[in-house]
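Participant: Provided below for reference: sequence and predicted model.
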Amino acid sequence: MSAPPCRRRLFRCALQLRSAWRWRTLLSLLTTVLLLAGGAASAAAAPRVAVTCLPPGAAATFVLLDPQHGRLQVDGGARADRRYSPASTFKLVNTLIGLETGAVDSVDQVLPYGGQPQPRPEWQHDMPLREAIRVSAVPIYQELARRIGLARMAAMLRRLDYGNGEIGTVVDRFWLQGPLAISAVEQVQFLDRLLRQTLPLRPAHVEALEAITLQAESAGYALHYKTGWSTATRPQIGWVVGWLRRGDQRQPFALNMDIAGEEQLPQRWALARSCLVALGALPAGD
């Protein structure tokens, strides 16, 4: 015996309502995921707030990602978007590309320095990247760049969306003398993508980079950074680029400043540290 027409209509309506509810629920879940993904990518489109942490009149800029509020804290105005040669801060990227392309097996593989006299005695021996990044050994990283090769280097920089992505035709000088250039804001955005593992890089390679860039560690945080010194322009440019890690949270930062010469190099970290302390990212006593 079949159900009366009115009951059949009610049954069909109930099925349609249940189906519609399921689709609304699925749509809501998808929307939530997309919103969360957009929030996680906050550095790329994060609002900016002007802060004051540098000395008055300093020819410098400092940028810090505030992940708790999803914004960039910027001192230095328009300079934060001005591109400069990354100098030795590119060793962060060079390490990652070397590992990703297989140009080097690990950060402990020993690379040759070339046997030529070097401006710094600590550069004059073969060493692994773990040591080379600590002493900022230019010849070791030039050897790594040559092993990567021009084509693979250019392709990887495009994939990583690093600065202007331009490397010219000389594979072992472009981060020192140009044409590669990047701004402080772009440095922070790149590190944010890197540390959230949204770049096409294997997590093990990111972990290896974190291991060799650790500068200080306490019960509450770990500090990672790389300095840089570009002598290709006048004035010369000093860099500090890095991140603070607290548990699963990473907070990238970048500083660049005009410097007159080697005697001013200690000011790079001194200024970066003072900004990290002033903005509450680093304890004052550390």
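Facilitator: In hand now; what should we look at? Numbering: from 1, shown residues only.

Participant: now the residue nearest the centre of the chain: which helix or strand?
Facilitator: What sits nearest the mean C-alpha location of the chain, by CA atoms, centre = their mean, is Leu191, with 1.7 Å. Using DSSP states H and E, Leu191 maps to helix 184-195.

Participant: before we move on, back to that, so what's the closest residue to the residue nearest to the centre of the chain other than its chain neighbours bridging to?
Facilitator: Excluding its sequence neighbours, the residue lying closest to Leu191 (CB to CB, 6 or more residues apart in numbering) is Pro252, at 3.6 Å. (C-beta placed from N, C-alpha, C; glycine too.) With DSSP bridges as the criterion, Pro252 is bridged to Trp243.

Participant: quick one: contacts for Pro252?
Facilitator: 43, 64-65, 187-188, 191-192, 195, 241-243 (CB atoms under 8 Å, 6 or more residues apart in numbering).

Participant: just the buried ones from the residues you listed?
Facilitator: 43, 64-65, 187-188, 191-192, 195, 241-243 (16 or more other CB atoms under 10 Å).

Participant: quick check, nearest of those residues to Asn94?
Facilitator: Using CB to CB, Val241 is the member of the buried ones among the contacts of Pro252 that lies nearest Asn94, at 13.1 Å.

Participant: coming back round to it: pLDDT (mean, whole number) over the helix holding Leu191?
Facilitator: In this model, helix 184-195 has an average pLDDT of 97.

Participant: residues contacting that helix, please?
Facilitator: 41-44, 61-65, 72, 74, 76, 79-81, 83, 86, 89, 93, 96, 160-163, 182, 199, 201, 206, 239, 241-243, 250, 252-256.

Participant: where do the helices sit along the stretch 51-200 of the chain?
Facilitator: 91-101, 129-135, 138-148, 150-160, 174-177, 184-195 (DSSP state H, counting those that start in this stretch).

Participant: nearest to Val107, of those?
Facilitator: From the helices of the stretch 51-200 of the chain, taking CB to CB, the stretch that ends up closest is helix 129-135, at 4.4 Å.
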